[in-house]
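**Student:** Requesting a structural model of the entry that follows:
(chains A and B)
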Amino acid sequence: MKKTVFAGFGGQGVLMMGYVFAVAAMRDGREVTYLPSYGAEMRGGTANCTVVVSDEEIFSPVASSPDCAVIMNKPSLLRYENLMKQGAVMFLNSSVIDRTPVRDDLHDVHIPANDIARKLGSDRVTNMIMLGAFVAKTRLTSLESIMNGLQENVKGKSGTVMKLNRKALDMGADYVLKGTAS
Amino acid sequence: MMEIDNATFIQAESEIAAINMVLGASMAGARAMTSSSSPGISLKQEGISFLAAQELPAVIVNCMRGGPGLGNIAPSQGDYFQATRGGGHGDYRSIVLAPATGQELADFTARAFDLADRYRSPVVLLIDGMMGQMMEPVIPPDFVNVADIPYKNWILDGARDRPSRIIKSLILDPAKEEEHNWKLYRKYENITKELQITEAYQVDDARLVVMAYGTAARIAKGAIKRVREIGLKVGLLRPLTLWPFPARAVEDASRFVKEFLVFEMNTGQMVEDVRLALKHRSEVHFYGRPGGVVSTPDEIAKVITSLYYRLHLEEEQ
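**Tutor:** Next up, the predicted model:
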């Protein structure tokens, strides 16, 4: 059972990332729960969601100590660092996060997601770059499943948009596997 | 908004309006439902009392949140008393179902309509903010063709060529109202006999049985899985109907289990029904987290473990 938190500012596509990942894992045939944050913080502040993926029945959709975190901004790093499970992996958007976790029992993976997105000409795919990196490293699902999940959720989007998303996923994956975003 | 053939979605101007729209639709023979979270349900109670009085089927979803008052919007189970004791004024009950997963939410909603029609009674789906927020994979139940639902011979659908029907709750003559109360009572007796549903998990060899419903039951199940790994004989008895309360299953379990732990996301409500059902045959312990706090399976595993050793259950053979 793996519990992952996706967190950042509202508008960074944080909930979209978690939702697409959850749908992908569901289509892979795994047990899944998706729990978005909801409350006053929805309006302009931080956004986060928790996705649990498991081969067994899931009891609690809440991650009190997550195995993984995809962190889009600095406040979210401060918020989640102390909660992480020992040995957990934190994927950090290093374009806007200028520090590393203080804890030395965590793995941190730095992805300059906004910079890579700019190369692609669209800040809007920053989340897909992070998601590509996350999937490539954790192998909790495949990039193909993510694309299928995306297709289900953005019905009516043009082929160009889907190609851009695919490119963003690949570049995120390449960055963590090969160290370059080509 | 989801699109379903032959279904109408109406945004009501208030809770009172919503529940009375349901009442009117039900009177005219339609299958109708409404939903809200705790304070909104308080506002709907008047209408629910009228539904019960006039024996009108309806489905009401209460997605419980922290209270009393405005409270918060975090998951809670604080409305157990309100739901299972009727809630509104007068001498009545509502059938109360307690799903715990996305799949059960879908299945129980469909089932709730069938039960409402069969017993001509409001049916409450009592869930909490966790289930309201969470998404899970669901295989949707088959849609029932409206034409296949048997004609209800009491509805107000125009009295051309037949004697008129009257549906009302004003019964000024106490003797007639008493008669009506006993009629409802007999119906509730019947429901209590026919509709007690539980799910048992690892209860057969248990020395301690945990009782919980909804989200609390999911968390308790996770906790039990953990303590079973270290050899503690603990099981879960999960009520799927809260009213009627599954007293028979509790009574059966008490023949071989002497210790019960009730876990609720409140300060202790269902525990009263467990005590009533046990009639002091077994000990009842309680652990509660009210106010919107969601326990982790680890926390409940610690509660179970400490209780288990405090009672020396490991020594029993």
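**Student:** Just the pLDDT for A:I71.
**Tutor:** If you check A:I71, the pLDDT there is 97.
**Student:** Could you give the bridge partners of it?
**Tutor:** In this structure, A:I71 has the following beta-bridge partners (DSSP bridges): A:A7, A:L92.
**Student:** these two touch, right, it and A:F91?
**Tutor:** Yes. Proximity of A:I71 to A:F91 meets the contact threshold set by C-beta atoms under 8 Å, at 6.6 Å. Using the backbone N, CA and C atoms, a C-beta is placed for each residue, glycine as well.
**Student:** Whatever residue of the stretch 151-300 of chain B ends up closest to chain A: neighbour count?
**Tutor:** Here the residue of the stretch 151-300 of chain B nearest chain A is B:G222; by C-beta to the nearest C-beta that distance is 2.8 Å. Look at B:G222: counted by other C-beta atoms under 10 Å in any protein chain shown, it has 20 neighbours.
**Student:** Check B:G69 too.
**Tutor:** For B:G69, the tally of surrounding residues (other C-beta under 10 Å) stands at 8.
**Student:** Could you do B:G102 as well?
**Tutor:** Using other C-beta under 10 Å as the criterion, B:G102 is surrounded by 18 other residues.
**Student:** B:L23 too?
**Tutor:** Residues within reach of B:L23, counting by other C-beta under 10 Å, total 21.
**Student:** what's near enough to touch it?
**Tutor:** B:L23 makes contacts with B:G47, B:F50, B:L51, B:Q54, B:L56, B:A58, as judged by C-beta atoms under 8 Å, 6 or more residues apart in numbering or on different chains.
**Student:** Same question for whichever strand or helix holds it: list its buried residues.
**Tutor:** In this structure, B:L23 is located in helix B:15-27 according to DSSP states H and E. The neighbour-count check on helix B:15-27 (16 or more other C-beta atoms under 10 Å in any protein chain shown) flags B:E15, B:A17, B:A18, B:I19, B:N20, B:M21, B:V22, B:L23, B:A25, B:S26, B:M27 as buried.
**Student:** which secondary structure elements does the longest helix anywhere in chain A contact?
**Tutor:** Of all the segments of type helix in chain A, defined by DSSP state H, the longest one is helix A:159-178. When contacts are defined as 3 or more C-beta pairs under 8 Å, 6 or more residues apart in numbering or on different chains; DSSP states H and E, helix A:159-178 packs onto strand A:107-111, helix A:113-120, helix A:126-138, helix A:143-153.
**Student:** give me every residue that touches residue 95.
**Tutor:** Using chain A here. Here A:S95 is in contact with A:P112, A:A113, A:N114, A:D115, A:T126 (C-beta under 8 Å, 6+ apart).
**Student:** I was after chain B.
**Tutor:** Contacts for B:I95 were tallied using C-beta under 8 Å, 6+ apart; they are B:112, B:115-116, B:119, B:121-124, B:191, B:195, B:241, B:243-244.
**Student:** Just give the nearest non-adjacent residue to it, would you?
**Tutor:** Leaving aside its chain neighbours, B:I95 sits nearest to B:V123 (4.4 Å; criterion: C-beta to C-beta, 6 or more residues apart in numbering or on different chains).
**Student:** Just confirm the one you found is within a strand.
**Tutor:** Yes. Per DSSP: H, G, I helix; E, B strand; the rest coil, B:V123 lies within a strand segment.
**Student:** isn't it right up against B:A58?
**Tutor:** Yes. Between B:V123 and B:A58 a contact is recorded at 7.3 Å, counting by C-beta under 8 Å.
**Student:** Overlap of the contact sets of those two?
**Tutor:** Contact criterion C-beta under 8 Å, 6+ apart; residues bridging B:V123 and B:A58 by contacting each: B:A116.
**Student:** got the residues of the stretch 1-150 of chain B near chain A?
**Tutor:** Contacts of the stretch 1-150 of chain B with chain A, taken as C-beta under 8 Å from any C-beta of the partner chain, map to B:I73, B:M130, B:Q133, B:M134, B:M135, B:E136, B:P137.
**Student:** separation between the nearest residue to the first one once chain neighbours are set aside and chain A?
**Tutor:** Nearest residue to B:I73 in three dimensions, chain neighbours excluded: B:R65, at 5.0 Å (C-beta to C-beta, 6+ apart). Using C-beta to the nearest C-beta, to the nearest Å, we find B:R65 at a distance of 11 Å from chain A.
**Student:** ok, back up a step: turn the helices and strands packed on helix A:159-178 into JSON lines, including mean neighbour count.
**Tutor:** Formatted as JSON lines, the helices and strands packed on helix A:159-178 follow (neighbours: other C-beta atoms under 10 Å in any protein chain shown):
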{"stretch": "strand A:107-111", "mean neighbour count": "19"}
{"stretch": "helix A:113-120", "mean neighbour count": "20"}
{"stretch": "helix A:126-138", "mean neighbour count": "26"}
{"stretch": "helix A:143-153", "mean neighbour count": "18"}
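**Student:** Tell me which residues touch the residue nearest to B:I95, please.
**Tutor:** B:P57, B:A58, B:V59, B:I60, B:S94, B:I95, B:V96, B:L97, B:A112, B:F113, B:L115, B:A116.
**Student:** mind listing which of those residues are in strands?
**Tutor:** Of those, the ones assigned to strands by DSSP state E are B:A58, B:V59, B:I60, B:I95, B:V96, B:L97.
**Student:** mean confidence for stretch A:80-100?
**Tutor:** Computed over stretch A:80-100, the average pLDDT equals 96.
**Student:** CA atoms only for it, dumped as PDB, please.
**Tutor:** The C-alpha atoms that make up stretch A:80-100 are tabulated as PDB, following Å, rounded to 0.1, in the frame of the first residue of the first chain:
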ATOM      1  CA  TYR A  80       4.500  17.800   4.900                       C
ATOM      2  CA  GLU A  81       8.200  17.300   5.700                       C
ATOM      3  CA  ASN A  82       7.500  16.300   9.300                       C
ATOM      4  CA  LEU A  83       4.600  14.000   8.500                       C
ATOM      5  CA  MET A  84       6.500  11.800   6.000                       C
ATOM      6  CA  LYS A  85       7.200   8.200   6.700                       C
ATOM      7  CA  GLN A  86      10.800   7.200   7.400                       C
ATOM      8  CA  GLY A  87      12.500   6.600   4.000                       C
ATOM      9  CA  ALA A  88       9.700   8.400   2.100                       C
ATOM     10  CA  VAL A  89      10.300  10.100  -1.200                       C
ATOM     11  CA  MET A  90       9.600  13.800  -1.700                       C
ATOM     12  CA  PHE A  91       9.400  15.100  -5.300                       C
ATOM     13  CA  LEU A  92      10.100  18.800  -5.200                       C
ATOM     14  CA  ASN A  93       9.400  21.400  -7.800                       C
ATOM     15  CA  SER A  94      12.900  23.000  -7.500                       C
ATOM     16  CA  SER A  95      12.000  25.900  -9.800                       C
ATOM     17  CA  VAL A  96      10.200  27.500  -6.900                       C
ATOM     18  CA  ILE A  97      11.500  25.500  -3.800                       C
ATOM     19  CA  ASP A  98      15.000  26.800  -2.900                       C
ATOM     20  CA  ARG A  99      15.700  24.300  -0.100                       C
ATOM     21  CA  THR A 100      15.900  20.600   0.700                       C
END
